[in-house]
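1. what's the 3D shape of this:
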Amino acid sequence: MMSVQILGILFVLWMTYLTFFHYRRKEFTFWEYSFWQIAWLGLAAVIIFPKSTSFITRTFGFYRALDFLTVGAIILLLGVTFRNYVLLRRLQRQLEYAVRKIALSKE
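-> Just a heads-up that it's a prediction; the model follows:
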């Protein structure tokens, strides 16, 4: 096993622990916990068996797995950024509404 793979497995183990920790503190629902555990196990499988991604990369027309992962990561980050923006705007509107309601009730 290469040193990069060892670091990757250590990262997966740490993230698995953190996921379990947040689940035990009731910060994650069972479904969120399950999703993240499956994601970490999938990442561990790709780290341990890097050749397993060659079928997927060839299917989508990429020659290297790193190219596929880079494009996938950019798409994923854009989606997560948009989702966070939408949630932040919703939270901002709720906070403004609550502050206005409190301010008007004190007059």
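2. rest of the way, CA atoms for contacts and neighbours
-> Noted.
3. By mean pLDDT, flag the weakest helix or strand of the protein.
-> The helix or strand of the chain with the poorest confidence is helix 54-59; it has a mean of 85 (mean pLDDT, DSSP states H and E).
4. Which pLDDT value belongs to residue 107?
-> Here, the pLDDT recorded for residue 107 equals 69.
5. centroid residue for the protein?
-> For the chain, residue 36 is the residue whose C-alpha lies nearest the centre (C-alpha atoms, centre = their mean; 7.6 Å).
6. Determine the set of other helices and strands touching the least confident helix or strand of the chain.
-> Here helix 54-59 touches helix 65-105, going by 3 or more C-alpha pairs under 8 Å, 6 or more residues apart in numbering; DSSP states H and E.
7. what helices or strands is the helix it packs on leaning on?
-> Using 3+ C-alpha pairs under 8 Å, 6+ apart: helix 65-105 touches helix 54-59.
8. show me where pLDDT drops low in the protein?
-> Across the chain, the ranges flagged by pLDDT under 70 are 1, 107.
9. Quickly list the domain ranges of it.
-> 1-48, 51-107 (automatic domain parsing).
10. most tightly surrounded among those domains?
-> Ranked by mean neighbour count, the domains of the chain are led by domain 1-48 with a mean of 14 (mean count of other C-alpha atoms under 10 Å).
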